[in-house]
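[1] fold the following for me, if possible:
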Amino acid sequence: MIFRSLFVAASVMLVPAMSYAQDIVDGTNIARLNQIIAEVNPTSSVETDNDGNLYIRAEHDGWNYDVQFYDCDGNKDCSMMQYVVQFDTNGSYRPEQALAWHSDWVWGRISFNDGDVYFEMPINLYGGVTLENFRDSHDLWLTIMGDFVNEIGWGPSVPPK
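    Next up, the predicted model:
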């Protein structure tokens with residue numbers, strides 16, 4: 001009788017742990033992350049850069065963006081990913097404007113390189129995040145990317161690059 005009670009108690013305790021483990025997303029499988037992104041951006045795909053590193057290429061509202069992975073072991077076990085979109089503004093978007101953005105927004109980092117503007121958002125994957133958290137972070141990226149497109153004056157009416 002005691003054994004049966006212990007078995008039932010242990011089983012009840014394991015069920016939530018097993019279902020919880022299935023809902024964790026991490027950087028061990030880039031193709032799996034692409035599947036999740038493809039739920040919202042069906043044209044997303046896993047690509048390989050010139051150095052053999054995997055990344056995800058996706059599009060939203062006519063704008064192409066990449067998801068790059070960092071601190072990986074052979075394109076697996078990546079502890080960080082970063083959303084990146086690039087704009088060639090020919091210098092029309094200035095560092096002063098970026099400072100104003102950063103003072104108003106918590107999410108989204110702006111950098112400049114050779115006249116191009118990069119808008120980025122890193123995500124920590126170390127130890128895993130819940131599937132719900134990953135989807136929410138992706139939705140956040142799409143929202144702030146759209147806000148930034150409007151910030152630089154390239155709203156939805158401008159043709160995609």
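
[2] residue ranges in this protein under the pLDDT threshold?
    1-22, 155-161 (pLDDT under 70).

[3] if we go to 50?
    6-8, 18-19, 157-161 (pLDDT under 50).

[4] can you give me the strands in it?
    24-25, 45-48, 54-60, 63-70, 80-88, 109-113, 116-124, 129-130 (DSSP state E).

[5] okay if I get those as JSON lines plus distance to residue 154 and mean neighbour count?
    All C-beta spots, glycine's among them, are computed from the backbone N, C-alpha and C. Formatted as JSON lines, the strands of the chain follow (distance: least, C-beta to C-beta, whole Å; neighbours: other C-beta atoms under 10 Å):
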{"stretch": "strand 24-25", "distance to residue 154": "31", "mean neighbour count": "16"}
{"stretch": "strand 45-48", "distance to residue 154": "24", "mean neighbour count": "13"}
{"stretch": "strand 54-60", "distance to residue 154": "13", "mean neighbour count": "19"}
{"stretch": "strand 63-70", "distance to residue 154": "8", "mean neighbour count": "18"}
{"stretch": "strand 80-88", "distance to residue 154": "7", "mean neighbour count": "18"}
{"stretch": "strand 109-113", "distance to residue 154": "14", "mean neighbour count": "14"}
{"stretch": "strand 116-124", "distance to residue 154": "10", "mean neighbour count": "18"}
{"stretch": "strand 129-130", "distance to residue 154": "31", "mean neighbour count": "16"}
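
[6] take these and lay them out in a markdown table including distance to residue 39.
    Output for the strands of the chain, formatted as a markdown table (distance: least, C-beta to C-beta, whole Å):
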| stretch | distance to residue 39 |
| --- | --- |
| strand 24-25 | 12 |
| strand 45-48 | 14 |
| strand 54-60 | 11 |
| strand 63-70 | 14 |
| strand 80-88 | 16 |
| strand 109-113 | 25 |
| strand 116-124 | 16 |
| strand 129-130 | 15 |
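
[7] who wins for proximity to residue 136 among those?
    strand 129-130 (9.0 Å; C-beta to C-beta).

[8] could you list the paired strands of that closest one along with their orientation?
    strand 24-25 (antiparallel) (DSSP bridges).

[9] now what about the strand it pairs with, what contacts it?
    32-33, 36, 125, 128-131, 133-134 (C-beta atoms under 8 Å, 6 or more residues apart in numbering).

[10] run through the residues that contact the residue lying closest to residue 44 once chain neighbours are set aside.
    The shortest distance from residue 44 to any non-neighbouring residue, by C-beta to C-beta, 6 or more residues apart in numbering, is to residue 58 (3.7 Å). The contact partners of residue 58, taken as C-beta under 8 Å, 6+ apart, are 37, 41, 43-45, 64-67.
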